[in-house]
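> Sequence first, then the predicted structure:
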Amino acid sequence: MGAGMKRTLFDKLWDSHVVERLPDGTCVLYIDRHLVHEVTSPQAFEGLRLAGRAVRRPEATIAVVDHNIPTSDRRAGISEPESRLQVETLEKNVAEFGVPYFPVLDARQGIVHIVGPEQGISLPGMTIVCGDSHTSTHGALGALAFGIGTSEVEHVLATQTLLQRPAKNMLVEVSGRLPLGVTAKDLVLAIIGRIGTAGGTGHVIEYAGEAVRALDMAGRMTVCNMSIEAGARAGLIAPDETTFAYVKGRPYAPAGDAFDQAVAYWRTLPADEGAAYDKRVHLHAAEIAPMVTWGTNPEAVVPITGAVPDPEAEADETARGQMRRMLDYMGLNAGQRMTEVPIDVVFIGSCTNGRIEDIRAAAAIARGRRVAAGVRALVVAGSGLVKQQAEAEGLDRVLTEAGFEWREPGCSMCLGMNPDKLAPGQRCASTSNRNFEGRQGPGGRTHLVSPAMAAAAAVRGRLADVREFV
Amino acid sequence: MDAFTTLTAIAAPLPLANVDTDKIIPARFLKTIKRTGLGVHLFDTLRYRADGTENPDFVLNSEPYRRAQILIAFENFGCGSSREHAPWALLDFGIRAVIAPDFADIFYNNCFKNGILPVRLPRAVCEQLMADARMGNNARVTIDLARQVVLRPNGEEIAFEVDPFRKHMLLEGLDEIGQTLQHAARIDGFERERQAAQPWLPSLHA
């Protein structure tokens, strides 16, 4: 990139991490932070062992357990043998290769994408990777953060770099303010509904505009988290005073003079005035309502005031077939009002919505109300520290008195690798990120919603418009 | 990793868009610490009925597609989770190439690390190739990576694009880490300069 060129936030993050540019444009890209968990790392550590390689920078790496662990009392260990083996394998690997690790009984343990920002391990200006597609979460800090496969996990462990080609720039601008009862989750679902599950493929999405600037860091993380559901390589939000205030004082963040130096650098990261984007999308915040998915991918979404769409109105044959299959799988009928859909289970948690702000939002709806008869409602904090904070605020009591289960931190029912699963045919209002077939358990049916909407659904026993509760 | 040069094989049509990696290999099969053995669970929910028996309507459960080495699908193949278990499951089943109008980025990238060639071709071409593939045993599709062409059973050649670096790595079956370590001195230098320019970058300790 020549001097004087106007650059986007992504361009600046990319340029500042290029170690070497190969003749065809592939770059050796330096990685500042590598987050590791038990599911996508065993084969990578095994690869290092077979090749006689070390971890190049253990001090740039952090490991946690999150996908497999039960969310009940963990002092008894993990009863499921394969899950236990995966966790034990991680513990053996971090010990052998000297990688920092938060074990399951450590209060700092939690979902990797909650832990990184919470600890100040993820910072603005960094490149951050993890063998998990929701690594896009960390882009909320103004870091280039993306998910990688296990071969690349091994590559980063061995070299602290990746071989990558630059992505294209996409700008999603949201003007105005979100209406009352409409949250970051609704915003990102509306964006995905607009651009589609492949709308961001090959691009890094930068979110901008008044509605995005007005979000707190939790909301920004929710938005960036779901960038991958629009197919984007990563999501980004330019760092600002909200970002700096969030980072300040975190355990691993720079402190004192070092923090001031860092902030001075972070202020240079936002896009230059007039920088070019390959694609631009604009939304009006005022037009967005609380959203809910009706199908089996995140673009199959409507406002809660809407109805299940009719496949027969779809012109494209493949799309029509896919919609029919979705309705069949979801057990829904064309034209059915979303507020008439009964639910069996509510799941509040995940890397999308497992932060303290999310639990506060759910508790505000649950306070003084009761979970409807026959509904099972789970609240799973994103980390041990989120859980402690919620308990210090008395939110656990509000929720348990309303009939919610209050559980230990982990990925839980977002993907059902631990015992928290839907039974076949069960319908769930979930604050997680994917409504794919079988995602929350074979045959399970997922409706993606915000934490407040999930709590409202728990109380009503069917999908509900949270604006009737506030 | 096995090199990929040319492949002449049976192709299986999978006329679905947005095939996510949960569909390719559901999360409950990710509890392995190995790369191999996942082929039996490839497309598990499409391939097997609730009682565990094969779904006779699914393409990979019928001859000759049990022996397919090429898969042809529609848009946004491999979307969702970054799990490399998806290409591992395809490879373990025997699939060495996937042809589709476009792929999700992480899946596309993961394929190359495992000797699988993802080929992007326009939707109309994919439909044509699916029609060819439905001729079953009477049709073979050839993919020639060096020449960057797909050969239809009737001999027609269709050109496709692939990055020169990825093509080279796949043709030679090269270990990417070994390639990168040739730049080790540059990485060392970059690291020193970065730490000097941004001394506030913190280290994590065990």
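Sure thing, it's come through. Residues are numbered from 1 along each chain as shown, chains lettered A, B, ... in the order given.
> From A:Gly181, how far out is the residue nearest to A:Gln426 when sequence neighbours are not counted?
Spatial nearest neighbour of A:Gln426, excluding adjacent residues (Cβ to Cβ, 6 or more residues apart in numbering or on different chains): A:Asp344 at 4.6 Å. Where C-beta positions appear, they are placed from N, C-alpha and C, glycine not excepted. Separation of A:Asp344 from A:Gly181 (Cβ to Cβ, to the nearest Å) stands at 24 Å.
> three-state assignment of A:His447?
At A:His447, secondary structure determined by DSSP: H, G, I helix; E, B strand; the rest coil is strand.
> circling back to that earlier point, so how far is A:Lys248 from the residue nearest to A:Gln426?
Distance, A:Asp344 to A:Lys248, by Cβ to Cβ: 43 Å.
> Tell me which helix or strand B:Pro202 sits in.
For B:Pro202, there is no enclosing helix or strand under DSSP states H and E.
> Give the residue from A:Asp344 and A:Lys248 that has the larger number of neighbours.
A:Asp344 (17 against 14; other Cβ atoms under 10 Å in any protein chain shown).
> just checking, the more buried one touches A:Cys428?
Yes - the pair A:Asp344 / A:Cys428 is scored as a contact, 6.9 Å apart, by Cβ atoms under 8 Å.
> mean confidence score for the lengthiest helix in chain B?
As assigned by DSSP state H, the longest helix anywhere in chain B is helix B:184-197. If you average the pLDDT over helix B:184-197, you get 95.
> what helices or strands is it leaning on?
strand A:18-21, strand A:27-30 (3 or more Cβ pairs under 8 Å, 6 or more residues apart in numbering or on different chains; DSSP states H and E).
> ok, and which of those has the densest surroundings?
strand A:27-30 (a mean of 21; mean count of other Cβ atoms under 10 Å in any protein chain shown).
> what mean pLDDT does it have?
Here the average pLDDT along strand A:27-30 is 98.
> Now do that strand: which elements does it pack against?
Against strand A:27-30 (3+ Cβ pairs under 8 Å, 6+ apart) you get strand A:18-21, strand A:161-164, helix B:184-197.
> With respect to A:Asp272, which of these lies nearest?
strand A:18-21 (18.2 Å; Cβ to Cβ).
> give me the number of residues near the residue nearest to A:Ala255 when sequence neighbours are not counted?
In this structure, A:Ala255 finds its nearest non-sequential neighbour in A:Gly249, 7.6 Å apart by Cβ to Cβ, 6+ apart. By the criterion of other Cβ under 10 Å, A:Gly249 has 10 neighbours.
> May I have the predicted confidence score for A:Gly249?
98.
> Distance-wise, check A:Arg213 relative to A:Gly176.
Plainly put, A:Arg213 is 11 Å away from A:Gly176 if you go by Cβ to Cβ.
> All the strands of the stretch 301-450 of chain A, residue numbers only.
With DSSP state E, counting those that start in this stretch as the criterion, the stretch 301-450 of chain A has strands at A:301-303, A:345-348, A:376-380, A:405-407, A:427-430, A:445-448.
> Relative to chain B, which of those strands is closest?
Among these, strand A:445-448 comes nearest to chain B, with 11.1 Å by Cβ to the nearest Cβ.
> In terms of secondary structure, what does the very next helix or strand once past the closest one contact?
Later in the chain than strand A:445-448, the nearest helix or strand by DSSP H and E is helix A:451-460. Where contact means 3+ Cβ pairs under 8 Å, 6+ apart, helix A:451-460 is packed against helix A:184-195, strand A:345-348, helix A:356-366, strand A:427-430.
> what angle do helix A:451-460 and helix A:184-195 make?
100 degrees (axes from the mean of the first three to the mean of the last three Cα atoms, to 10 degrees).
> quick check: mean pLDDT across helix A:451-460?
Per-residue scores along helix A:451-460 average to 98.
> where do the helices sit along chain B?
Ranges of helices in chain B, per DSSP H, are B:21-24, B:44-47, B:85-93, B:105-112, B:123-133, B:164-172, B:176-181, B:184-197.
> Could you check what's spatially nearest to A:Asn93, not counting adjacent residues?
A:Phe45 (4.1 Å).
> Just give the number of residues close to that neighbour.
24.
> State whether it is indeed within a helix.
Yes - when classified by three-state DSSP, A:Phe45 is found to be part of a helix.
> does it really touch A:Val99, like I thought?
No - counting by Cβ under 8 Å, A:Phe45 does not reach A:Val99; the two are 9.0 Å apart.
> coming back round to it: out of the helices and strands packed on helix A:451-460, which gets nearest to B:Phe107?
helix A:184-195 (18.2 Å).
> before we move on, the earlier item: which one of the helices and strands packed on helix A:451-460 lies nearest to chain B?
helix A:184-195 (11.6 Å).
> buried sites along that closest one?
By neighbour count with 16 or more other Cβ atoms under 10 Å in any protein chain shown, helix A:184-195 contains the buried residues A:184-193, A:195.
> before we move on, what about stretch A:144-164?
Going by neighbour count (16+ other Cβ under 10 Å), the buried part of stretch A:144-164 is A:144-164.
> picking up where we left off before, mind listing the shared neighbours of A:Asp344 and A:Cys428?
Common contacts of A:Asp344 and A:Cys428 (Cβ atoms under 8 Å, 6 or more residues apart in numbering or on different chains): A:Leu422.
> Show the residue spans covered by the helices in the stretch 101-250 of chain A.
Secondary structure of the stretch 101-250 of chain A (DSSP state H, counting those that start in this stretch): helices located at A:112-119, A:150-159, A:184-195, A:210-213, A:217-225, A:241-247.
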